[in-house]
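Trainee: any chance you can model this:
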Amino acid sequence: MIRIHKANFFDAQDAQWIPRLIDEHASDPMGGGVALEPPVLEWIINGLKACPSAHAFIATLEDGTPAGLLIAYQVFSTFKAAPVVNIHDVIVASAARGRGVGKALLNTVEDYARSIKACKLTLEVRQDNEPALGLYKKVGFLDYQLGEQDVPMLFWEKPL
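Mentor: Alright, predicted model coming up:
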């Protein structure tokens, strides 16, 4: 059985698990394949504490082992005049893959988004991350498009 709880960034156990799970994800080829630097690991929890729009959900297995993490941020849609929940990280520990952890985390964040009357969930995913793409499609995610124009939107960045 998978248990999921809303993380408390001030809780010692959650504050230990979150950077550990993020580092495991960063070290995975789908997360870039490079472990996080110690200063980054040390700052993650303080950074999340300082961000009032940050929400995290931790999945644990029956024995209490951390199995996954979802971090999302609440933003606002000016076109819908309603909250949007942007999923920033979906992490399933390698030892827990194939057990429904990702789906359970996504269902939990969807329940949360509905509870705040969000108009949508958004996320980004690597084009070559087939397991994640399959899961996201299975739970109802689609390519983003604006209106009826059927023109996919792109996600860009400008490193600073």
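Trainee: can you show me the helices along the protein?
Mentor: All helices of the chain, identified by DSSP state H, fall at 12-27, 38-49, 101-115, 130-138.
Trainee: how about those in TSV, adding mean pLDDT, mean neighbour count and distance to residue 2?
Mentor: Every C-beta, even on glycine, is put in place using the N, C-alpha and C of the backbone. Below are these laid out as TSV (pLDDT from 0 to 100; neighbours: other C-beta atoms under 10 Å; distance: least, C-beta to C-beta, whole Å):
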stretch	mean pLDDT	mean neighbour count	distance to residue 2
helix 12-27	97	18	14
helix 38-49	97	13	22
helix 101-115	98	18	5
helix 130-138	93	14	14
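Trainee: can you redo the ones you listed as TSV with distance to residue 147?
Mentor: Formatted as TSV, the helices of the chain follow (distance: least, C-beta to C-beta, whole Å):
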stretch	distance to residue 147
helix 12-27	34
helix 38-49	34
helix 101-115	21
helix 130-138	22
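Trainee: find the centremost residue of this protein, please.
Mentor: Central residue of the chain (C-alpha atoms, centre = their mean): residue 89, 2.9 Å from the mean position.
Trainee: quick one, what contacts that one?
Mentor: By C-beta atoms under 8 Å, 6 or more residues apart in numbering, the contact set of residue 89 is 22, 25, 69, 70, 71.
Trainee: bridged to it, which residues?
Mentor: residue 71 (DSSP bridges).
Trainee: tell me the pLDDT at it?
Mentor: Note on residue 89: pLDDT of 96.
Trainee: now it: how far from residue 28?
Mentor: Distance, residue 89 to residue 28, using C-beta to C-beta, to the nearest Å: 12 Å.
Trainee: what about the closest residue to residue 116 other than its chain neighbours, distance to residue 35?
Mentor: Leaving aside its sequence neighbours, residue 116 sits nearest to residue 83 (C-beta to C-beta, 6 or more residues apart in numbering; 5.3 Å). The gap separating residue 83 from residue 35 is 34 Å, by C-beta to C-beta.
Trainee: likewise for residue 137?
Mentor: Taking C-beta to C-beta, one finds residue 137 at 30 Å from residue 35.
Trainee: same question, residue 65
Mentor: Counting by C-beta to C-beta, the gap from residue 65 to residue 35 is 20 Å.
Trainee: can you give me every residue that contacts residue 121?
Mentor: With C-beta under 8 Å, 6+ apart, residue 121 has these contacts: 72, 84, 85, 86, 87, 109, 110, 113, 141.
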